[in-house]
Every structure is written in C-alpha cells, then in structure tokens.
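Undergrad: Structure of the sequence below:
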Amino acid sequence: MAKHKEQYKCTVCDGVTAKWQGQCPHCEGWNTLEVYEPVEVSFKRVKPGSPPPFYSLSNPEQPSRYTSGIGEFDRVVGGGLMEGSIVLLGGDPGVGKSTLALQLCKEYVEKKIKVCYFSGEESVGQLALRAKRIGLQNNELKISNEIELSRILAGLESEKPQIAVIDSIQTSYSPNSDSLPGSVNQVRECASELMACGKKENITIILIGHITKGGIIAGPKLLEHIVDTVLYLEGDKQHYFRILRSVKNRFGATHEIGIFEMKQEGLIGITNPGDMFLSERKKGAKGSVVTCGMEGSRPLLVEIQALAAQAAYGTPQRHASGLDPKRLQLLLAIIEKQLDISVSQYDIFVNVVGGLTLKEPAMDLPVIAAIYSSVKNIPLSDNTVIIGEVGLTGETRSVLRIEQRVKEALRMGFDHLILPASAKKKIDDKKDTFKYIKDIAELTGQQV
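TA: Below you'll find the predicted structure:
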C-alpha cells in the first residue's frame with residue numbers, strides 16, 4: 001500500500017508544495033503553509049437540464065452608455081460606461097483610484113443616475129471629507145462599509161442601482177471560502193459573483209483593484225479575463241498628473257489614454273497635453289529633441305532628453321526612463337557602428353520628460369538625434385520635431401499614423417520636421433521645411 005504523503009497549501013495564494021517551509025515558494029509569504037488534504041474528485045455524468053433561452057442578433061436590445069461628463073474618462077472607456085458592464089480600475093496606492101471613482105459618482109448622481117458605493121478601506125466619515133473636497137454635496141449617493149459578499153449582493157438586489165463601485169475587490173470576502181480576504185480564491189469568488197449579479201440585474205460595476213510590485217493587478221489573471229474593461233491609473237506621486245490607460249475594452253478602443261492633473265479638488269482632465277509636456281522646455285538645450293508619440297488614437301508631443309557624460313568607471317552606465325532599456329542598448333550599438341561614434345566612453349542617460357512611457361519604434365530616430373546632440377554638444381532648433389524608426393543598418397523607416405503625428409506637430413506650431421524618406425508619399429503637406437532622410441548618417445548632416 002502506497003504511503004500517504006502530506007502536502008502543504010498556502011492560506012494566501014492557495015499554492016501547494018510537497019514539504020513545509022517557512023516561506024511560500026509561490027507568493028513568498030511567511031508562515032502561510034498549512035497541511036492540505038487533497039479531495040478526490042469523482043466525475044459523474046451531468047443530467048441534462050432544461051434548455052437555455054436563445055436570442056436573435058437581428059433585433060438585439062441595445063445597451064445604453066452612461067456618459068460621465070469627465071471628457072478624459074469618457075474617451076478612455078469609449079464614450080461612457082456601458083450599461084451592465086464590469087470595469088476593473090487598478091493603480092498604485094495613493095495614485096487617485098478612489099478619488100476618480102468618487103468623482104464619477106458625483107457626476108452620475110447629478111445626472112439622476114442611481115449609484116451605490118461600497119467602501120471596505122475607508123469609513124463613511126473619511127469618504128465625506130473627500131466628497132467635500134471634490135464638491136460632492138448630493139445626498140443621493142448610497143454609501144456602505146460592507147465587505148461581506150453576500151450582504152453586498154443583497155444590497156445590490158434590494159437597491160437596484162444603475163452603477164455600483166466596489167472599493168476594493170481585495171477587501172471583499174465570501175464566507176463560502178476559507179481563504180483570507182485578498183487571496184486568489186477570495187478575489188476569484190467575489191469577482192465572479194459580482195459579475196453574475198451585474199449581468200443579471202443590468203448593473204454597471206466598477207471594481208477597484210490593488211497593484212502588485214510587478215505592476216499588475218493583484219489576484220488571479222482570471223480577474224482581468226472575466227471583466228469587460230481593464231483600466232490602469234498611472235503616475236508618480238511626486239508628479240502632478242495622472243494617466244488613465246485602457247488595456248482591455250470590449251466596448252471601445254484599447255490602449256486609449258486620458259490625462260488628468262491632480263489638484264485639491266480632485267483629478268482635472270487635461271484636454272491639450274502637448275502644452276503641458278513642453279511648457280517648461282529649455283530653449284536651445286543640447287540633447288533635447290521633440291517628437292510625437294501615439295497613445296491609443298491620441299498623438300502626444302513630448303520632449304526626449306539625452307545626457308552623454310564621460311564615464312568615470314570602466315563600465316559605462318546606461319539608463320532609460322520612459323523608454324525600453326534594451327532598445328536603448330540597440331540604438332547605441334547602431335550609433336557606434338553607423339555613425340562611427342565611440343559611445344562606450346560615455347555614460348548615457350535618456351529620459352522622456354513628464355513621466356510618460358513610450359516604447360514604440362517611432363522613438364528611435366529622436367533618441368539617436370538627442371544622443372548625437374549631447375555627444376557633439378550641438379543644439380537642435382527649437383521648432384524641430386523628429387519622428388521615425390531606425391533599422392539595424394541605420395536606415396530610417398516610416399511609422400504608423402505618420403499623418404496624424406505631422407498634423408499634431410503643425411497644430412502645436414512646429415514647422416520643421418525630420419521624417420523618414422518613405423513617409424513622403426503619405427504626407428499631403430509639401431512644406432519646404434520638411435526634411436526626409438533615408439539613413440541616420442543624413443541626420444548628422446542636417447542643418448537644423
């Protein structure tokens with residue numbers, strides 16, 4: 001007879017291991033392993049039940065959208081929250097998730113839309129202070145501190161709101177699961193039950209989620225699969241602006257962004273972000289280049305700065321902020337090979353000003369131009385915008401939506417553009433100040 005071997009299960013992440021140890025090998029939690037008795041599952045044939053209802057797509061019932069009136073938010077979600085949808089809003093602690101959710105509640109209750117707010121992290125008194133700060137004085141908002149799932153579901157079925165906010169999904173717990181609140185099982189159970197209730201009662205539910213050290217929403221990846229929309233609120237707490245990014249949207253475009261400024265009265269949408277990112281740009285600075293990146297369907301003019309300093313030690317430093325560090329290494333190799341510049345003797349620092357993260361190929365040419373400007377101590381003209389991808393042999397390549405980028409640059413008053421030669425046939429405006437180059441070697445010879 002085979003000897004029965006004990007297994008150990010983590011009370012936080014439900015990971016199973018063959019032997020006990022002080023730290024869980026899955027979630028790295030301490031003293032969370034307990035003896036686990038696996039349950040043998042017997043598979044039985046399911047008896048056929050009554051057939052489900054079927055519908056035709058010829059005349060479907062069209063769900064409506066709840067437009068909040070916050071332009072940047074409505075842009076990201078595709079024109080407003082879809083009726084009966086499940087939205088997951090994630091972000092770092094203190095970035096403004098609860099503030100944004102409460103601002104949405106303010107806008108919706110003013111439009112006579114019934115909203116329930118379940119706060120598991122803040123008391124009603126604390127919410128009242130924030131509500132006063134953002135100007136929420138409407139008593140129609142229903143607030144509860146309930147975190148038990150069964151009572152939350154009962155509240156939704158009795159109140160029948162049009163929109164409900166769960167702040168946060170990690171604090172909610174179901175008595176049907178023995179795991180701690182915030183564990184994988186609890187998050188999965190609560191999210192699934194809330195989704196089922198939302199679809200059944202046609203309630204739009206906003207789930208606020210915590211972010212792990214790795215920058216993803218805490219809990220199972222399944223959580224992002226079962227919801228309709230996943231939004232990330234990004235931004236350094238030392239900066240005054242926040243970026244709301246859509247990474248999944250069943251009812252709109254993905255990778256759309258909205259830009260907000262954090263003020264005393266809450267998050268204020270910025271309709272013209274180009275002015276904000278370039279407002280403090282130094283004129284005639286060496287190593288400074290303006291380019292146009294795409295965030296979703298929105299073109300953004302940003303400044304890329306590069307600093308090349310003599311390396312103090314044997315191994316030069318390479319630091320990229322807002323860019324892919326591996327891409328920077330590749331571009332430095334191209335510079336050294338194709339422009340015959342020894343960058344190995346320099347510490348290279350490249351930064352996208354304002355805290356944005358741009359990892360698209362269109363950043364190649366402006367990054368190379370900024371590094372060249374810093375190494376050679378040659379400033380670029382202040383009204384120049386550089387856009388383009390660069391291949392390994394130094395050739396320039398056109399990028400997606402080049403027409404949109406050029407139009408935005410002209411709108412912002414930049415009339416001198418350096419673009420890949422292949423983009424010439426796509427540009428309608430044939431200005432003399434547009435320069436089209438086939439190779440990065442031509443970039444160094446441009447009188448800019």
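Undergrad: who are the neighbours of the top helix by length along the chain, in terms of helices and strands?
TA: The single longest helix within the chain, with elements called by DSSP state H, is helix 184-201. Using 3 or more CB pairs under 8 Å, 6 or more residues apart in numbering; DSSP states H and E as the contact test, the elements touching helix 184-201 are strand 86-91, helix 149-159, strand 204-209, helix 222-226. In this view, the C-beta of every residue, glycine as well, is placed from N, C-alpha and C.
Undergrad: Of the ones you listed, which stretch is the most buried?
TA: strand 204-209 (a mean of 27; mean count of other CB atoms under 10 Å).
Undergrad: Could you name the helices and strands sitting against it?
TA: Where contact means 3+ CB pairs under 8 Å, 6+ apart, strand 204-209 is packed against strand 81-82, strand 86-91, helix 97-110, strand 163-167, helix 184-201.
Undergrad: rerun that using 7 Å as the cut-off
TA: Secondary-structure packing of strand 204-209 (3 or more CB pairs under 7 Å, 6 or more residues apart in numbering; DSSP states H and E): strand 86-91, helix 97-110, strand 163-167, helix 184-201.
Undergrad: Just put the helices and strands packed on helix 184-201 in TSV and tack on distance to Gln103.
TA: Below are these laid out as TSV (distance: least, CB to CB, whole Å):
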stretch	distance to Gln103
strand 86-91	12
helix 149-159	21
strand 204-209	12
helix 222-226	24
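Undergrad: could I get those as a markdown table with mean pLDDT and distance to Ala421?
TA: Compiled in a markdown table, those are given as follows (pLDDT from 0 to 100; distance: least, CB to CB, whole Å):
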| stretch | mean pLDDT | distance to Ala421 |
| --- | --- | --- |
| strand 86-91 | 92 | 42 |
| helix 149-159 | 94 | 59 |
| strand 204-209 | 94 | 46 |
| helix 222-226 | 81 | 41 |
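Undergrad: Of those, which is nearest Gly135?
TA: Of all the helices and strands packed on helix 184-201, strand 204-209 sits nearest to Gly135, with 20.0 Å by CB to CB.
Undergrad: And the helices and strands packed on helix 184-201: which comes nearest Ile257?
TA: strand 86-91 (13.4 Å).
Undergrad: measure Tyr108 to Asp74 for me?
TA: The gap separating Tyr108 from Asp74 is 12 Å, by CB to CB, to the nearest Å.
Undergrad: Find residues that contact each of those two.
TA: Each of Ser68 lies in contact with both Tyr108 and Asp74 under the rule CB atoms under 7 Å, 6 or more residues apart in numbering.
Undergrad: what about these two, which has more around it?
TA: Tyr108 (25 against 20; other CB atoms under 10 Å).
Undergrad: For the more buried one, which residues are in contact?
TA: Tyr108 neighbours (CB under 7 Å, 6+ apart): 66, 68, 115, 163.
Undergrad: again, 10 Å this time
TA: Residues in contact with Tyr108 (CB atoms under 10 Å, 6 or more residues apart in numbering) are 66-69, 81, 114-115, 138, 140-141, 161-163, 165, 204.
Undergrad: Drop anything exposed from those residues.
TA: 66-68, 81, 114-115, 141, 161-163, 165, 204 (16 or more other CB atoms under 10 Å).
Undergrad: if we can go back for a sec, so which bits of the longest helix of the chain are buried?
TA: In helix 184-201, counting by 16+ other CB under 10 Å, buried: 184-191, 193-195, 197-198, 201.
Undergrad: go on, stretch 298-313?
TA: Under 16+ other CB under 10 Å, the buried positions of stretch 298-313 are 298-308.
Undergrad: Narrow those residues to those in strands?
TA: Among those, DSSP state E puts 298-308 in strands.
Undergrad: For Asp324, state which of these is nearest.
TA: Closest to Asp324 out of those is Ile304 (13.1 Å), distances taken as CB to CB.
Undergrad: per-residue pLDDT, that closest one?
TA: On the pLDDT scale, Ile304 is placed at 96.
Undergrad: likewise the one 5 residues further on?
TA: Here, the pLDDT recorded for Ala309 equals 93.
Undergrad: for Val39, same thing?
TA: pLDDT for Val39: 64.
Undergrad: if I pick the nearest residue to Gly391 once chain neighbours are set aside, what's in contact with it?
TA: Leaving out its chain neighbours, the residue that sits closest to Gly391 by CB to CB, 6 or more residues apart in numbering is Arg397, at 6.0 Å. By CB under 10 Å, 6+ apart, the residues touching Arg397 are 361-362, 364-365, 388-391, 420-423, 438.
Undergrad: if we go to 8 Å?
TA: Arg397 sits next to 361, 388-391, 420, 422 when contact means CB atoms under 8 Å, 6 or more residues apart in numbering.
Undergrad: do Gly296 as well
TA: 76, 246, 253-257.
Undergrad: low-confidence ranges in this protein?
TA: Low-confidence segments of the chain (pLDDT under 70): 1-5, 39-44, 46, 212-222, 236-239, 429-430, 445-448.
Undergrad: domains for it, by residue range?
TA: Following automatic domain parsing, one finds the domains of the chain at 1-38, 65-271, 276-445.
Undergrad: Can you point out the buried residues in the first one?
TA: Right, domain 1-38. 8-15, 24, 26, 29, 32-33.
Undergrad: just curious, which of those residues is nearest to Asp178?
TA: Checking those against Asp178 by CB to CB gives Thr11 as the nearest, at 8.1 Å.
Undergrad: so that closest one makes contact with Pro181?
TA: No. Proximity of Thr11 to Pro181 does not meet the contact threshold set by CB atoms under 8 Å, at 11.4 Å.
Undergrad: So for Ser373, which of the helices and strands packed on helix 184-201 sits nearest?
TA: When these are compared by CB to CB, strand 86-91 sits nearest Ser373, at 35.5 Å.
Undergrad: now that closest one against helix 184-201, angle please.
TA: Relative orientation of strand 86-91 versus helix 184-201 (axes from the mean of the first three to the mean of the last three CA atoms, to 10 degrees): 140 degrees.
Undergrad: Just the C-alphas of strand 86-91, formatted as PDB.
TA: What follows is strand 86-91, C-alpha atoms only, in PDB (Å, rounded to 0.1, in the frame of the first residue of the first chain):
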ATOM      1  CA  ILE A  86     -17.900  45.200 -15.300                       C
ATOM      2  CA  VAL A  87     -14.900  47.600 -15.100                       C
ATOM      3  CA  LEU A  88     -11.700  46.900 -13.300                       C
ATOM      4  CA  LEU A  89      -9.800  50.000 -12.200                       C
ATOM      5  CA  GLY A  90      -6.200  49.400 -10.900                       C
ATOM      6  CA  GLY A  91      -3.300  51.600  -9.800                       C
END
